[in-house]
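1. Structure here, sequence nowhere to be found:
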């Protein structure tokens, strides 16, 4: 699947932006500070995004869930 593949439901960010595709989700992670990118919840999100891009199918749902969990984990740390 291409990185331009859209999630079934966009992922809403706290600032009102929405992540609609695998590429937008990956770009969001790459814009985080490097130490944040290495946190286990973001590593899980990265891995599932890659699986979704490589195989599609159910991995799209897992990638969306992993992104939501990582975003929520960061909220809990602030």
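-> Yep, it's here. In this text, all values refer to a predicted model and were calculated from it rather than measured experimentally.

2. nearest spatial neighbour of residue 60, skipping sequence neighbours?
-> With sequence-adjacent residues excluded and distances taken as C-beta to C-beta, 6 or more residues apart in numbering, residue 60 is closest to residue 52, at 4.9 Å. Placement of C-beta: from N, CA and C, glycine included.

3. List the contacts of that neighbour.
-> Residues counted as contacts of residue 52 (C-beta atoms under 8 Å, 6 or more residues apart in numbering) are 1, 5, 22, 59-60, 62-63.

4. Mind doing that once more with 7 Å?
-> Residue 52 makes contact with 1, 22, 59-60, 63, according to C-beta atoms under 7 Å, 6 or more residues apart in numbering.

5. how about a markdown table for these, with neighbour count, pLDDT and secondary structure added?
-> Shown next, in a markdown table, are those (neighbours: other C-beta atoms under 10 Å; pLDDT from 0 to 100; DSSP: H, G, I helix; E, B strand; the rest coil):
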| residue | neighbour count | pLDDT | secondary structure |
| --- | --- | --- | --- |
| 1 | 13 | 80 | coil |
| 22 | 26 | 98 | helix |
| 59 | 20 | 96 | helix |
| 60 | 21 | 96 | helix |
| 63 | 26 | 97 | helix |
